[in-house]
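> sequence and predicted structure are below.
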There are 2 protein chains.
Amino acid sequence: MEYSSGKEILQVTTFEGLQSYAEKNQQAILHGAVHNIRDMGNFAFIVLRIPAGLVQCVWDKSSGDQTVFDQLRPECTIELAGESHLEARAPGGVEIHVQQITLLSSPAEDFPINLSRRELGINLDTDLNNRPLTLRSGAMRARFRIQAAVVRGFREFLDANGFTDIRTPKIVGGNAEGGTNVFRLDYFGKKGFLAQSPQFYKQTMVGVFERVYEIGPVFRAEKHSTNRHLNEYISLDFEMGYIKSFTDIMDMETACLIYIFDLLRRDCARECAALGVKIPSFTEIPTVKFRDAKELIAAEYGHKIKDPYDLEPVEEQLISRYFKEKYNSELVFVTHYPVKKRPFYAKDDPEDSHFTLSFDLLFRGMEITTGGQRIHEYQEQIDKMISKGLDPEGFTNYLMIHKYGMPPHGGLGLGLERLCMKLFDDNNVRYSALFPRDLNRLEP
Amino acid sequence: MEYSSGKEILQVTTFEGLQSYAEKNQQAILHGAVHNIRDMGNFAFIVLRIPAGLVQCVWDKSSGDQTVFDQLRPECTIELAGESHLEARAPGGVEIHVQQITLLSSPAEDFPINLSRRELGINLDTDLNNRPLTLRSGAMRARFRIQAAVVRGFREFLDANGFTDIRTPKIVGGNAEGGTNVFRLDYFGKKGFLAQSPQFYKQTMVGVFERVYEIGPVFRAEKHSTNRHLNEYISLDFEMGYIKSFTDIMDMETACLIYIFDLLRRDCARECAALGVKIPSFTEIPTVKFRDAKELIAAEYGHKIKDPYDLEPVEEQLISRYFKEKYNSELVFVTHYPVKKRPFYAKDDPEDSHFTLSFDLLFRGMEITTGGQRIHEYQEQIDKMISKGLDPEGFTNYLMIHKYGMPPHGGLGLGLERLCMKLFDDNNVRYSALFPRDLNRLEP
């Protein structure tokens, strides 16, 4: 009988591993893709791409068999044997003096993009059409290594604070939030929709676990194409019970972001340096009421208030500018949004029923989070639905939680790609999604 | 200016916190939902539900104000102040002698289910109709705490082994695997589909990061209703490059499952005990070729081979039974599935081109994983598509990776709900999805 054993799993090449080869004077065995080759005459640099980055390998043409070297082209995959030397100037702190090369695979055609350039020098559309290839560039790899770390930070922080990780359905039966921006599908003869958010489910799960989070795709059939909208994106959601004020949710987000940014400083220093990412450093985030924010920027920048119920993108930029200039903060919570612009589950401010106990978080000029306290009492929720012109009969499953008991609670949704876009100082959110979905793009 | 500070975030009640109150002789402040009340005459047990479990609280009727106590019903949410005492016989090792109760919220109607019973005593359909409520039971909470830990184990193991966490689109442009079991939607006038797996994307990302994993929903429009199928489920996928054999993938899964099960033993002892979960303990998993497995059970159990190309559910059960009886293993890898039943990207066995370098993992009588080595050479992939009756023209985006270079690679998809179903010894996979989607069920 043969067995699969968990004892000897295939090792991945890491900089730490290569450094340890160097320290032990052992022959290094490593594998990866040929990122590029720089021929220097008597010798050549073979730049090898491994998960963590690029490894500088030196091939001395006067030694060894030239046959394999002559076959190498970018995107060949190879295994190398050689001496590993600590070399502070090389990426990852090591340089490999190659003794032997084994060719594992070769591309059928020459790679059409020069990945060794710092900027690929192609426009966004060409980039997107060729994402399976452009993702192999250093800048794109750095972006998605950082994105993975952002997600890990969100998760680690919430795990450590008593939240339970949940997974809720993305095909839903009700057009939950009553919006028009919803994708429809035929579900075995029934009307199905793609979830615009896990809102109802995460509230439901507060009744089960008190604190929950979900990291998953949400779907918005918005028909406008902007640099900050995706039709499918990743929402980092959490929801928590037993809050004493809606500001508890903002405090939790503040602490969570501090944790995430510290984690990036610690674990993604190489990627952040490669992209020139400036990670915000702060211990608190200023808060301003929606109404006051409008007036502040009207007074400070002469901006005329057109829509008293919502913030235009330019207003988000001006508010961010104001808090950067006056308080040196790159983040600002705007609180107490008008009832008119918030959904039916938002809890009204008991001190002024035109406003809600809600907030957005602006980061470098753009909204990245929407959150707030939710209604937890049954009759209050029924009344608010009616005042919003909704029929409570259409929400029987959701209202089950209000009818049978819920703690005071609230939560938020943080758009992963938007947070990353601002972190990377990109001008388009499409650089923060591996394979973005927009009005015109469904592939690759 | 007001600030949101990350310094004092709202604490959640934990058993560790309550034990520390007891040890320091401090007054304990805690909150939670009233799970049930047991009136003992002069005193009453208030069983409080907190994220980690149930806390035994004792209310002495002769002391303090009875007004609030008299209002308590199951699913009221409350804050309590009292003395915490270490009490080995109580769940979580503590008992609270209540001094004060603050009522935070009350249900509008009495809770229709008695959550204090070990078994809810309702049928599956009633359970599913009332999932927002039945999830508050001890058994369901234990299931989804364990499920969260399974996901965490998968992630931690892969993070530690050089894998990068990715997120790929769920709305896709091509009916990728050519199957009929796909949900269709209108995507701004284009034909869109819900992804049946992240197959193409995770292979693409092997070219970028060498090792990747994704944890996300997949969608199968299968029109049959069984106890082991869901139309939306969570797939734990990983894909890895530079494999020397397809058995490297099985080794990685074996090590990953060992890690997950060890984590459950360590972090979910209470939940596993509550459900009576028997966690498998092993250091290796036997493997058997598809063809041999068919013959073994034919010989051993007189099972007649009907379909030589695929395993029927009853055959999966018999193979599992065989390896349990002969090798005392609850898991078995079945390898080398026929070309006919494997998708066009499966790599053929060079030793016998009727079979593929692929495997399923059976756990307690059911397939929970499908995996294998993929074709990485361009011409080989083109040829196989044609031999399968597919037009390579329809796969231009996917074939980009083969054309421009890929390492030898492979991976697998592990069905989260199925793994949990077998772990929990449930007779239906619907107990392992918070809000399952099946042929007849789109809500709640």
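Here it is on my side, so go on. Quick caveat: nothing in here was measured; it's all calculated off a predicted structure. Numbering: from 1, shown residues only, chains lettered A, B, ... in the order given.
> from now on I want contacts and neighbour counts done on CA atoms only, so please keep to that.
OK.
> let's test this: mean pLDDT of stretch A:93-103, rounded?
Stretch A:93-103 carries an average pLDDT of 95.
> correction: the previous question concerned stretch A:49-61.
The pLDDT scores in stretch A:49-61 average 94.
> so is that stretch next to chain B?
Yes. Applying C-alpha under 8 Å from any C-alpha of the partner chain, one finds stretch A:49-61 touching chain B at A:50-51.
> out of everything not next to it in sequence, what's closest to residue A:161?
Distance criterion C-alpha to C-alpha, 6 or more residues apart in numbering or on different chains; nearest residue to residue A:161, sequence neighbours excluded, is residue B:12 at 7.1 Å.
> can you count the residues close to the one you found?
20 (other C-alpha atoms under 10 Å in any protein chain shown).
> ok, residue A:286 next?
Neighbours of residue A:286 (other C-alpha under 10 Å): 18.
> looks to me like it is in a helix.
No. Using DSSP: H, G, I helix; E, B strand; the rest coil, the assignment for residue A:286 is strand, not a helix.
> how about the closest residue to it other than its chain neighbours, what does it touch?
Sequence neighbours aside, residue B:3 is the residue nearest to residue A:286 in space, at 4.2 Å (criterion: C-alpha to C-alpha, 6+ apart). If a contact means C-alpha atoms under 8 Å, 6 or more residues apart in numbering or on different chains, then residue B:3 has A:284-287 as its contacts.
> which of the three states applies to the residue nearest to residue A:161?
Going by three-state DSSP: residue B:12 is coil.
> give me phi/psi at it?
Note on residue B:12: backbone dihedrals following degrees, to the nearest 10 are phi -100, psi 150.
> before we move on, which element is residue A:80 in?
In the assignment (DSSP states H and E), residue A:80 maps to strand A:77-86.
> that strand vs chain B: in contact?
Yes. If you take C-alpha under 8 Å from any C-alpha as the test, strand A:77-86 does meet chain B, through residue A:77.
> how about the top helix by length along chain A: buried residues?
Counting residues, the longest helix found in chain A (DSSP state H) is helix A:138-160. Within helix A:138-160, the residues that count as buried by 16 or more other C-alpha atoms under 10 Å in any protein chain shown are A:138-147, A:149-159.
> give me the residue from the stretch 301-444 of chain A nearest chain B.
residue A:405 (3.9 Å; C-alpha to the nearest C-alpha).
> can you pull the contacts of the closest residue in space to that residue that isn't next to it in sequence?
Spatially, and ignoring its direct neighbours in sequence, residue A:405 is nearest to residue B:107 (3.9 Å; C-alpha to C-alpha, 6+ apart). By C-alpha under 8 Å, 6+ apart, the residues touching residue B:107 are A:377-378, A:402-406, B:75-76.
> so which of the residues you listed is the most crowded?
These, ranked by neighbours (other C-alpha under 10 Å): first place residue A:406, 30 neighbours.
> which ones are touching that one?
Listed by C-alpha under 8 Å, 6+ apart, the contact set of residue A:406 reads A:206-207, A:376-377, B:75-77, B:105-107.
> next one, pLDDT for it please.
Confidence score, pLDDT, at residue A:406: 98.
> state the distance from it to residue A:15.
In this view, residue A:406 and residue A:15 are 50 Å apart by C-alpha to C-alpha, to the nearest Å.
> output the longest helix of chain A as CSV - backbone C-alpha positions only.
Coordinates of each C-alpha in helix A:138-160 appear next as CSV, following Å, rounded to 0.1, in the frame of the first residue of the first chain:
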residue,chain,number,x,y,z
GLY,A,138,7.0,43.5,-9.8
ALA,A,139,4.6,46.4,-9.2
MET,A,140,1.5,44.2,-9.5
ARG,A,141,2.9,41.4,-7.4
ALA,A,142,3.7,43.9,-4.7
ARG,A,143,0.2,45.2,-4.8
PHE,A,144,-1.4,41.9,-4.3
ARG,A,145,1.0,40.7,-1.7
ILE,A,146,0.1,43.9,0.3
GLN,A,147,-3.6,43.2,-0.4
ALA,A,148,-3.3,39.7,1.1
ALA,A,149,-1.6,41.2,4.1
VAL,A,150,-4.4,43.8,4.5
VAL,A,151,-6.9,41.0,4.6
ARG,A,152,-4.8,39.0,7.0
GLY,A,153,-4.6,42.0,9.3
PHE,A,154,-8.3,42.5,9.3
ARG,A,155,-8.9,38.9,10.1
GLU,A,156,-6.2,38.6,12.8
PHE,A,157,-7.4,41.7,14.6
LEU,A,158,-11.0,40.6,14.6
ASP,A,159,-10.2,37.0,15.6
ALA,A,160,-8.3,38.4,18.5
